[in-house]
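Enquirer: attaching a predicted model along with its sequence, questions to come.
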Amino acid sequence: MAKIIPFKAVRPTADKVALVTTLAYDEYNAAELASWLDFNPFSFLHIINPAYVNQQKIDIEQRFKMVSTKYNDFKRDDILIKDPSLSMYLYTIKTKKAVFTGIMAGTSIDDYKKNVIKKHENTLDYRVKTLKDYFKISGFSTEPVLMMYPEDASLSEWIQQQQQSAPLYHFSTTNKEEHKVWKIDQSEDLDFLIQKFDSFEHLYIADGHHRSASSALLYDETPQKESLSYFMSFLICENDIKINEYNRVVHDLNQHTSEEFLLLLEEDFIIRKIEQQLWKPSQKYQFGMYLEGNYYSLQLKEVPESQDILSHLDAQILYEKILHRILDIQDLRTDSRIDYIPGNKSIVEMFNKIDNGDYKIGFTLFPASIDEIKYLADHNLTMPPKSTYIEPKFRNGLIIYEF
């Protein structure tokens, strides 16, 4: 049984919401970041990156303190306001390809610790600790953990009814997305949602394993503080999320010539040259490979006999058969020879990086499924790093949870 709660969110005033909210910080290149900071004084980027000119000259703790100071400046200037009532928020994101609707609420640290909230990814200790320190010093979180719940007809009907009313926010962004937010603060609606989620045996983290782990670590340090008993999540039906692959690019062939590399590949794969440049794998056990201006399809010759679903994951097969065995990449999380490109990006981006000499070879994958993610989480197994790029992604500065 999953426990969720309403909270008093901090959020932009309605007239400034489109100016305040931003993409995640790492979605901007240096030129874009500088442009937004120079020409938009209301951008939340001023909070999360307050020393963008001198950030290399200050230590991380000082930077986090500057984040806190700038955040409080935005509140003092009434750019950000705090809701007076405990609320949840219904949120719809309409992109060029999909529509995502879910509920913003507080989810329980206790559920996280007791595995009511299921995980499928490992975390890096240093990232968890750094993010914990960020939460502790800044005092807020604006990126919810993306959480999946099972399909439920009555909850879907409730959502459709709520969407008939006037939203709190309705705005568009420069990346051609449309956003709507409804404030849910009526006791009967909150009671319905609390009871509904209490009927779900488990929730599954789709994205945000480091954020949830950092919240749990912060709670362990100060368990007496009630607000730390929960962390903000975006709760969405498991059938409505979009799972993309993460494609891989590698700097070298581990001292193999291209001919040697292709011969080694033939031990495990049927190799076929592809003339269609925008081709992508259309089924499991199939991979794309770009090498020296040629694009190939790789079809696994023998499907793993093991019943362990981890051995059937395409990301795991690619690692075992190619990245580790042939290219000698040991740790996908730390090896500097490999990088990752989200599957929502055009495959041409990968081609360009290789043609420009930044990388030697690239691989495209078929996305994992919801069933695979849930199976791994249910059996306390973890996916290889960067196995999934999951949508939706959220606007920073739209709904803020204070610790």
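Expert: Cool, the structure landed.
Enquirer: C-alpha only now, for contacts and for neighbours.
Expert: Noted.
Enquirer: endpoints of stretch 271-282, how far apart?
Expert: End-to-end distance of stretch 271-282 (CA to CA, to the nearest Å): 15 Å.
Enquirer: average pLDDT for it?
Expert: Averaged over stretch 271-282, pLDDT sits at 89.
Enquirer: if you count neighbours, what's buried in it?
Expert: Ile271, Lys280, Pro281 (16 or more other CA atoms under 10 Å).
Enquirer: what of stretch 34-53?
Expert: For stretch 34-53, burial by neighbour count (16+ other CA under 10 Å) applies to Trp36, Leu37, Phe42, Ser43, Phe44, Leu45, His46, Ile47, Ile48, Asn49, Pro50, Ala51.
Enquirer: so, low pLDDT: which residues of the stretch 51-200 of the chain?
Expert: 51-57 (pLDDT under 70).
Enquirer: about what we covered before: using a markdown table, lay out the buried residues of stretch 271-282 together with secondary structure and distance to Ser108.
Expert: Converted to a markdown table, the buried residues of stretch 271-282 look like this (DSSP: H, G, I helix; E, B strand; the rest coil; distance: CA to CA, whole Å):
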| residue | secondary structure | distance to Ser108 |
| --- | --- | --- |
| Ile271 | strand | 49 |
| Lys280 | coil | 39 |
| Pro281 | coil | 38 |
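Enquirer: nearest to Ala2 among the residues you listed?
Expert: Distance to Ala2, by CA to CA, is smallest for Pro281 among the buried residues of stretch 271-282, at 36.8 Å.
Enquirer: got a list of what that closest one touches?
Expert: Phe287, Gly288, Ser297, Thr364, Leu365, Phe366 (CA atoms under 8 Å, 6 or more residues apart in numbering).
Enquirer: how near is it to Thr142?
Expert: With CA to CA as the criterion, Pro281 and Thr142 are 35 Å apart.
Enquirer: break down the stretch 101-250 of the chain into its strands, ranges please.
Expert: 117-118, 140-141, 145-149, 169-172, 178-184, 203-207, 230-237, 242-250 (DSSP state E, counting those that start in this stretch).
Enquirer: for the fourth one, packing partners?
Expert: Packed against strand 169-172, as judged by 3 or more CA pairs under 8 Å, 6 or more residues apart in numbering; DSSP states H and E, are the following elements: helix 17-20, strand 178-184.
Enquirer: strands paired with that strand, and their directions?
Expert: If you go by DSSP bridges, strand 169-172 pairs up with strand 178-184 (antiparallel).
Enquirer: gap between the strand it pairs with and the chain center?
Expert: The chain centre lies 20 Å from the centre of strand 178-184; the measure is CA atoms, centre = their mean, to the nearest Å.
Enquirer: equivalent analysis for stretch 305-313, please.
Expert: With CA atoms, centre = their mean, you get 25 Å for stretch 305-313.
Enquirer: tell me the buried residues in that stretch?
Expert: Leu310, His312, Leu313.
Enquirer: also stretch 116-127?
Expert: Val116, Ile117, Lys118, Lys119, His120, Glu121, Thr123.
Enquirer: burial of the closest residue to the first one other than its chain neighbours, as a residue count?
Expert: Spelled out, it's Val116. Of all residues not flanking Val116 in the chain, His202 sits nearest, at 4.9 Å (CA to CA, 6 or more residues apart in numbering). Neighbour count for His202, taken as other CA atoms under 10 Å: 20.
Enquirer: from Phe403, how far out is Asp15?
Expert: Taken as CA to CA, the span from Asp15 to Phe403 is 26 Å.
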